[in-house]
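>>> the amino acid sequence is not available; the structure is as follows:
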């Protein structure tokens, strides 16, 4: 099995994810323009499209994760039960993506609507250790579907 941890950079020079997202800035040429979390914390953009910068999550994004994670329509194919409360959302954030960032050097990223600076939830690559493969996934707040 391949070792998915990296010490040099979290994304390949031109990753498949960058190709799928139509991003122009990846790898060592990352646009280090920062986006702001709900609490005003600045975090570096990892990858970006014209409308959507993606950055690592912070604990300040819990409410943004809770909203779609507690909506049965949003989670119907991805999660067996809606989040019961913010503490459950916080626990899940620590299990993944935070653990994925630490263990593999990558994980799902917060998707930020550039025009408003609001997190509309996540997209990105998640390692699935149970099958030894990565998956590309996404989840968006319902009001952002179809845009």
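Structure's in. What do you need? All values derive from a computational prediction rather than experimental measurement.
>>> and the residue most central in space within the chain, its phi and psi?
Geometric centre of the chain, nearest residue: residue 109, 1.7 Å, by C-alpha atoms, centre = their mean. Torsion angles at residue 109 (phi, psi; degrees, to the nearest 10) stand at phi -120, psi 150.
>>> in the chain, which strand is the longest?
Secondary structure of the chain per DSSP state E: the longest strand is strand 118-128.
>>> what's the following helix or strand after it?
Following strand 118-128 in sequence order, the next helix or strand is strand 133-140 (DSSP states H and E).
>>> run the chain-centre distance for the longest strand of the chain.
In terms of C-alpha atoms, centre = their mean, to the nearest Å, the centre of strand 118-128 is found 3 Å from the chain centre.
>>> packing partners for it?
Contact here means 3 or more C-beta pairs under 8 Å, 6 or more residues apart in numbering; DSSP states H and E; on that basis strand 118-128 packs against helix 16-21, helix 62-69, helix 99-104, strand 109-113, strand 133-140. All C-beta spots, glycine's among them, are computed from the backbone N, C-alpha and C.
>>> tell me the buried residues in the fourth one?
So that's strand 109-113. 109, 110, 111, 112, 113 (16 or more other C-beta atoms under 10 Å).
>>> swap in the last one?
Of the residues in strand 133-140, those buried by neighbour count under the rule 16+ other C-beta under 10 Å are 134, 139, 140.
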